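J.: Sequence first, predicted model second:
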Amino acid sequence: MSLVRLNIKGISYSQTQNGAYALILNEVEGERKLPIVIGAFEAQSIAIALEKEIKPPRPLTHDLFKSFADRYQIIVKQVIIHKLVDGVFYSSIICERDKIEEIIDARTSDAIALALRFNAPIFTYKNILDKAGIYLNLPAKEDDPIDVLNEDIIFEEQEEATNDLTHLTVQELNGLLQEAVTNEDYEAAAKIRDEISKREH
């Protein structure tokens, strides 16, 4: 299976789900986006890693892991989002010490927070992007800065679309997915996509 490199487009906050954020990844050589729902702590940690000027007074958990790894000469080489089951993404951290490579299982949000601190590339498999990636109809601008907790990428919730998806057909879900993407509502799109993913199992 071929790997596809991803970078971070931004983080959006849910207006209706307390403490829920959507991390938006996009393929480096393409237009598809991969929205992943993450918690508030992980969103903060990723945002701090992206904003180089922000230095917390004490090390966060991911900063501590970085210091620990540096002390013991462990290098994070890359992160791979390798599986998607019932809307949950599974990731591996590929590490190296003394020229011996190890693969460590991790939550995707933690893996990405660490990848940023080690300047390690993030990948997923093509089949996961084919299944869970969404297209935006808007043209991408190469010079766009990364949006971090920016109100420009906070998307309104489509309550009627996401409250109860179980009674809808796959065809209706696909229609709602396209509508959510058109409205740039990544979080609603992620929920609808997850429901479609469950039906395919």
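T.: That came through, no problem.
J.: Could you point out the helix or strand that follows the least confident helix or strand in the chain by mean pLDDT?
T.: Least confident helix or strand of the chain, by mean pLDDT, DSSP states H and E, is helix 159-162 with a mean of 40. Per DSSP states H and E, the first helix or strand lying C-terminal to helix 159-162 is helix 170-182.
J.: in that following helix, what counts as buried?
T.: Of the residues in helix 170-182, 173, 176-177, 180-181 count as buried by neighbour count, 16 or more other Cβ atoms under 10 Å. For glycine as for every other residue, the C-beta is placed from the backbone atoms N, C-alpha and C.
J.: got JSON lines for those, with distance to residue 115 too?
T.: Below are those laid out as JSON lines (distance: Cβ to Cβ, whole Å):
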{"residue": "173", "distance to residue 115": "31"}
{"residue": "176", "distance to residue 115": "32"}
{"residue": "177", "distance to residue 115": "28"}
{"residue": "180", "distance to residue 115": "27"}
{"residue": "181", "distance to residue 115": "26"}
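J.: Could you pull up the residues touching the closest residue to residue 120 other than its chain neighbours?
T.: The shortest distance from residue 120 to any non-neighbouring residue, by Cβ to Cβ, 6 or more residues apart in numbering, is to residue 76 (4.7 Å). By Cβ atoms under 8 Å, 6 or more residues apart in numbering, residue 76 lies in contact with 69, 93-95, 114-115, 117-118, 120.
J.: Spell out the secondary structure type for residue 76.
T.: Per DSSP: H, G, I helix; E, B strand; the rest coil, the local secondary structure of residue 76 is strand.
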